[in-house]
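>>> Predicted model and sequence follow; I will ask about them next.
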Amino acid sequence: MLTKTKNTSISKDLWQERENLVSKASAAYTSIFTAKAKNATLWDVDGKEYIDFAGGIGAMNSGHCHPKIVAAIQEQAGKLIHTSFHVTSYPNYLDVCRELTSAIPGTFAKKAIFFNSGSEAVENAVKLAKAFTKRRGIISFTNAFHGRTLLCLTLNGKHKPLRQHFGPYAGEIYHAPFPYPYRPPVGVDAKELTEHCLAELERVLRLETAPEDVAAMIVEPVQGEGGFVVPTPGFLPGLRKICDRYGIVLIIDEVQSGFGRTGRFWAMEHEGIVPDLVTVGKSLAGGMPLSAVAGRADILDAAPVGSIGGTYGGNPLALAAAQAVFGIFREEKLVAAGARVGETVRKRFDAFRDEFSFVGDSRGLGAMRAIELVADKKSKTPLPAAKVKEILHYCEDNVLRTLMPLTIGEEDLDRGLGIIEDALREVKP
């Protein structure tokens with residue numbers, strides 16, 4: 001057992017153990033070793049307290065160790081932990097299907113199926129779309145992130161570091177431009193970005209593939225790992241129209257943007273989009289591994305029996321947590337909380353943009369907000385990594401994103417934003 005001594009700390013000793021035991025391919029955004037968490041607060045193994053603005057990478061919208069989620073998991077653990085839904089069914093699988101399909105826009109018949117991770121949900125949504133349309137092509141978008149499996153890597157709209165060295169990639173996947181208002185293509189006015197990107201999508205459909213060969217388009221309503229890029233107004237409705245015109249399945253990836261993060265239950269609601277399929281994960285089960293594909297029943301039923309599934313998908317413990325999460329969202333009005341938290345963050349981030357020469361952009365929807373750090377606002381050159389590390393212990397790119405639990409108290413939220421402001425003031429570009 002490691003013990004804290006005068007000249008060291010448990011965290012430092014554990015970090016050395018991590019270096020010795022864990023693959024370096026697993027990114028470490030901080031050197032913190034967490035001992036416990038409650039709502040929006042973490043305590044490390046040395047007793048130091050942190051305000052959590054990462055939220056388990058968007059998985060903790062309902063807060064850490066919410067009493068109702070903990071109670072639901074504990075109760076379920078005493079009854080049934082696992083059989084596999086393929087071997088015996090259990091009622092809470094149906095309960096969460098009912099909650100999920102009721103929450104998704106659309107008046108058509110709906111079904112759902114559960115998996116473990118967002119990547120699995122994306123993989124299977126694509127498989128279902130291919131089975132339904134009998135087509136092979138998939139359209140994704142630049143700067144997108146959909147996961148780390150081989151198909152998801154190919155769907156991702158950025159090569160380094162996620163795709164680098166892992167080829168050859170899955171076939172018949174095509175990338176069209178996603179509207180990035182802060183960084184429009186050279187010669188394209190930001191006001192014309194929606195029209196430009198939809199025209200480029202039509203070009204991809206006409207020259208790189210053919211509409212009748214495309215099974216699905218998959219898009220994030222707000223790009224997550226790509227930097228919380230909100231598409232220009234009209235882009236998502238434009239995708240819906242194109243998909244309708246050509247019989248293409250529209251998959252909306254709400255793994256990170258769903259469950260109140262943007263001030264609506266789903267980010268797609270901001271533009272009134274009705275999807276064919278939705279991929280869901282992260283905050284669906286309050287930190288337990290659970291993801292889903294939900295949407296049109298005819299598409300969910302299109303694949304052969306036995307071709308979709310997995311041993312642990314829809315595990316009873318994770319489903320019990322998800323049942324509690326839906327109840328918490330209703331009782332504690334967490335969608336409204338997402339809007340409220342987001343407005344507080346927006347005001348502070350906008351002020352950072354206006355004050356600091358190296359804060360180029362403030363953007364997002366609801367509590368899914370980011371600032372983009374640049375060397376100067378004219379060139380928009382990304383702030384060098386060394387400077388970013390002065391703000392954070394580690395940052396993968398030059399975009400600072402916030403994913404604090406929606407249950408965060410106002411005092412902690414203000415303290416956390418103040419810490420970010422103090423860090424920005426320390427930077428000397």
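Okay, I see it. Numbering: from 1, shown residues only.
>>> Please give me every residue in contact with the residue most central in space within the chain.
The centroid of the chain falls nearest to Gln256 when counting by C-alpha atoms, centre = their mean (2.1 Å). Counting by C-beta atoms under 8 Å, 6 or more residues apart in numbering, Gln256 makes contact with 57-58, 118, 220, 222, 224-225, 281-282, 368, 403. For every residue, glycine as well, the C-beta is placed using N, CA and C.
>>> run the last query once more with 6 Å
Counting by C-beta atoms under 6 Å, 6 or more residues apart in numbering, Gln256 touches 58, 224, 282.
>>> Name the nearest of these relative to Ser140.
Gly224 (13.6 Å; C-beta to C-beta).
>>> Name the nearest residue to the closest one, ignoring sequence neighbours.
Computed as C-beta to C-beta, 6 or more residues apart in numbering, the closest residue to Gly224 that is not its neighbour in sequence is Gln256, at 3.8 Å.
>>> what about that neighbour, distance to Val374?
Counting by C-beta to C-beta, to the nearest Å, the separation of Gln256 from Val374 is 24 Å.
>>> Helices of the protein, start to end?
Assigned by DSSP state H, the chain shows helices spanning 10-21, 55-58, 67-77, 91-103, 118-133, 150-155, 193-203, 235-246, 297-300, 316-332, 334-355, 385-391, 410-426.
>>> Same list (those helices) but as CSV, adding distance to Asp46 and mean neighbour count.
Conversion of the helices of the chain to CSV gives the following (distance: least, C-beta to C-beta, whole Å; neighbours: other C-beta atoms under 10 Å):
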stretch, distance to Asp46, mean neighbour count
helix 10-21, 5, 14
helix 55-58, 21, 20
helix 67-77, 24, 16
helix 91-103, 38, 17
helix 118-133, 32, 24
helix 150-155, 36, 21
helix 193-203, 48, 18
helix 235-246, 46, 18
helix 297-300, 48, 18
helix 316-332, 29, 21
helix 334-355, 29, 18
helix 385-391, 22, 15
helix 410-426, 19, 14
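>>> Out of these, flag the one nearest Gln164.
Gln164 sits nearest to helix 150-155 of all the helices of the chain, at 9.7 Å, using C-beta to C-beta.
>>> Restrict the closest one to CA atoms and write it as CSV.
What follows is helix 150-155, C-alpha atoms only, in CSV (Å, rounded to 0.1, in the frame of the first residue of the first chain):
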residue,chain,number,x,y,z
LEU,A,150,-12.0,1.1,-37.2
LEU,A,151,-15.3,2.3,-38.8
CYS,A,152,-15.5,5.2,-36.5
LEU,A,153,-11.9,6.2,-37.2
THR,A,154,-12.8,6.3,-40.8
LEU,A,155,-15.8,8.4,-40.1
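>>> and that helix, what's its mean pLDDT?
Across helix 150-155, pLDDT averages out at 95.
>>> Counting by contacts, list what it packs against.
Here helix 150-155 touches helix 118-133, going by 3 or more C-beta pairs under 6 Å, 6 or more residues apart in numbering; DSSP states H and E.
>>> give me that answer again for 8 Å
Helices and strands touching helix 150-155, by 3 or more C-beta pairs under 8 Å, 6 or more residues apart in numbering; DSSP states H and E, are helix 118-133, strand 173-176.
>>> How about the contacts made by Gly360?
If a contact means C-beta under 8 Å, 6+ apart, then Gly360 has 182, 353, 372-374, 377, 380 as its contacts.
>>> Which parts of this protein belong to which domain?
Here the domain parsing of the chain from automatic domain parsing is 10-53+333-426, 71-332.
>>> any chance of the ones you listed in CSV, plus distance to Cys65?
Conversion of the domains of the chain to CSV gives the following (distance: least, C-beta to C-beta, whole Å):
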stretch, distance to Cys65
domain 10-53+333-426, 6
domain 71-332, 9
